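A.B. asks: coordinates only, no sequence provided:
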């Protein structure tokens, strides 16, 4: 008896009785057929060279694309459209379908991912046959291919339906500019609902750009305030401004001055 | 000199079997890309480990500057990103490493799956591997909140809503993660920091240890 419950020990459980002692040494090289190679140091050296090439590529990636950072979290900004990191997009997209959201959220959030990941976890106990080749395990292979196809499809759907220009604008770090909130210009902006979309510090929002440092002249600002504007990520309708000409002049001069360099 | 130290320790602790398991064994022909180029599919597990080591190292350096507090978290990340020498590189490596480790782990999982390498006697190792996959996803989720920028906050709110959808225990899970029934704030940030930096890495190291011990016990699965 060499293994399992019948193993005999001498006094101390760490010391196995001599008759049940079994050599734990791996087999000698000569017992392996084919061209084996010593792991230390021959194979490890090659692995390290591959690792070094990989690392260089990795560093180039970090230099070419610095890690993004959006503006500091503002829980009061209810217009922000969230997006998880790309590897959760497929789950996020799943929750947008009517059969997996609202009253059925539990299906999208728990049942479907639970079945998929549970199946993955228990794969060895579901696929118990002796065959290892993919073609001879049609169910295992089929389900895995289906899962990969679903993940790719859902991720692609999520990416293609997301408004990336808006996402970039809504998260942009905007330098905070001091301006007089008691001034007439700000009051007019407040009364005419400018700040509803452009933010109370004119930092911009999900549907509107920042008004800080626009580079526009007062006349151009006045024109947009009255006629609206069709921008890359949203449209400002005409007629938002409801004051008189004198107020319009004050407002446009005030906006044009903010963050002017 | 090194040999003498080795002999001195070996005489007392018998470390030769350990050394054999770690380094002094042979690499079979069918997993060696030098003999069969298609064997490169066996490299994904090792690359996952490599990126994991980079994640641990870069993460350790990030905590030298990072402050898990709603007032200073974003400021500290901004400072690290724009002022600290090589801060951008270290943070970039941690950011992209999170994606790379998942890509590599996914490819490794597919290799093991399509080769049927999880079959008897390697069922347990597969289960441990899938648990590592879950821990990595958890690390990705908790790490996303830490910079405390807009997308961090709002993506976490969505994630907590999903956790809340769990039948029966949903609200408890949410409170456990967020620290409050409704507010995603200071408590949430410190909890996610603790989970990201202590709980999950602890679980990860334990699981990876089990994963590697089982590989050495059982050896790599044979050719198809």
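C.D. replies: In hand now; what should we look at? What you see is a predicted model; the values in this text were computed from it and never measured. Numbering: from 1, shown residues only, chains lettered A, B, ... in the order given.
A.B. asks: quick check: buried residues in stretch B:166-184?
C.D. replies: For stretch B:166-184, the neighbour count (16 or more other C-beta atoms under 10 Å in any protein chain shown) marks B:166, B:170, B:174, B:175, B:177, B:178, B:179, B:184 as buried. Bear in mind the C-beta positions are built from the backbone N, C-alpha and C, glycine included.
A.B. asks: show residues contacting it.
C.D. replies: Applying C-beta atoms under 8 Å, 6 or more residues apart in numbering or on different chains, the contact partners of stretch B:166-184 are A:75, A:106, A:109-110, B:153, B:156-157, B:160, B:163-164, B:185-188, B:190-192, B:195.
A.B. asks: and with 6 Å instead?
C.D. replies: Residues from elsewhere that reach stretch B:166-184 (C-beta atoms under 6 Å, 6 or more residues apart in numbering or on different chains): A:110, B:157, B:160, B:163, B:164, B:187, B:188, B:191.
A.B. asks: in helices only, show me the residues you listed.
C.D. replies: Secondary structure from DSSP state H places B:157, B:160, B:163, B:164, B:187, B:188, B:191 of the contacts of stretch B:166-184 in helices.
A.B. asks: quick check: the last one vs residue B:197, distance?
C.D. replies: In this structure, residue B:191 and residue B:197 are separated by 11 Å, where distance is defined by C-beta to C-beta, to the nearest Å.
A.B. asks: how about the strands of chain B, start to end?
C.D. replies: Using DSSP state E, the strands found in chain B span residues B:26-27.
A.B. asks: low-confidence regions, the stretch 1-150 of chain A specifically.
C.D. replies: Within the stretch 1-150 of chain A, the stretches with pLDDT under 70 are A:1-4, A:13, A:20-33.
A.B. asks: point out the residues in it that sit beside chain B.
C.D. replies: Residues of the stretch 1-150 of chain A lying near chain B by C-beta under 6 Å from any C-beta of the partner chain: A:26, A:29, A:34-37, A:39-40, A:43, A:51, A:61-62, A:66-67, A:69-73, A:80, A:82, A:84-85, A:87, A:105-106, A:109-110, A:120-121, A:123-124, A:132-134, A:144.
A.B. asks: surely residue A:106 is in a helix?
C.D. replies: Yes: under DSSP: H, G, I helix; E, B strand; the rest coil, residue A:106 falls within a helix.
A.B. asks: OK, contacts around the residue nearest to it when sequence neighbours are not counted?
C.D. replies: Distances taken as C-beta to C-beta, 6 or more residues apart in numbering or on different chains put residue B:165 closest to residue A:106, at 5.5 Å, once the chain neighbours are dropped. Contacts for residue B:165 (C-beta under 6 Å, 6+ apart) come out as A:105, A:106, A:109.
A.B. asks: go on, residue B:39?
C.D. replies: The contact partners of residue B:39, by C-beta under 6 Å, 6+ apart, come to B:31, B:32, B:33.
A.B. asks: quick check: it vs chain A, distance?
C.D. replies: Going from residue B:39 to chain A by C-beta to the nearest C-beta, to the nearest Å gives 12 Å.
A.B. asks: burial count for the nearest residue in space to that residue that is not next to it in sequence?
C.D. replies: Excluding its sequence neighbours, the residue lying closest to residue B:39 (C-beta to C-beta, 6+ apart) is residue B:33, at 4.6 Å. Residue B:33 has 15 neighbours, counted by other C-beta atoms under 10 Å in any protein chain shown.
A.B. asks: tell me the backbone dihedrals of residue B:33, please.
C.D. replies: phi -60, psi -20 (degrees, to the nearest 10).
A.B. asks: ditto for the one 3 residues further on
C.D. replies: For residue B:36, the backbone dihedrals are phi -130, psi 110 (criterion: degrees, to the nearest 10).
A.B. asks: run a quick neighbour tally on it.
C.D. replies: That count, for residue B:36 with other C-beta under 10 Å as the rule, works out to 14.
A.B. asks: likewise for residue B:22?
C.D. replies: 13.
A.B. asks: quick check: the closest residue to residue B:56 other than its chain neighbours vs residue B:178, distance?
C.D. replies: Computed as C-beta to C-beta, 6+ apart, the closest residue to residue B:56 that is not its neighbour in sequence is residue B:201, at 7.1 Å. For residue B:201, the distance to residue B:178 equals 21 Å [C-beta to C-beta].
A.B. asks: next one: residue A:106
C.D. replies: Relative to residue B:178, and taking C-beta to C-beta, residue A:106 is found at 19 Å.
A.B. asks: with residue A:238 instead?
C.D. replies: For residue A:238, the distance to residue B:178 - C-beta to C-beta - is 43 Å.
A.B. asks: swap in residue B:209?
C.D. replies: According to C-beta to C-beta, residue B:209 stands 31 Å off from residue B:178.
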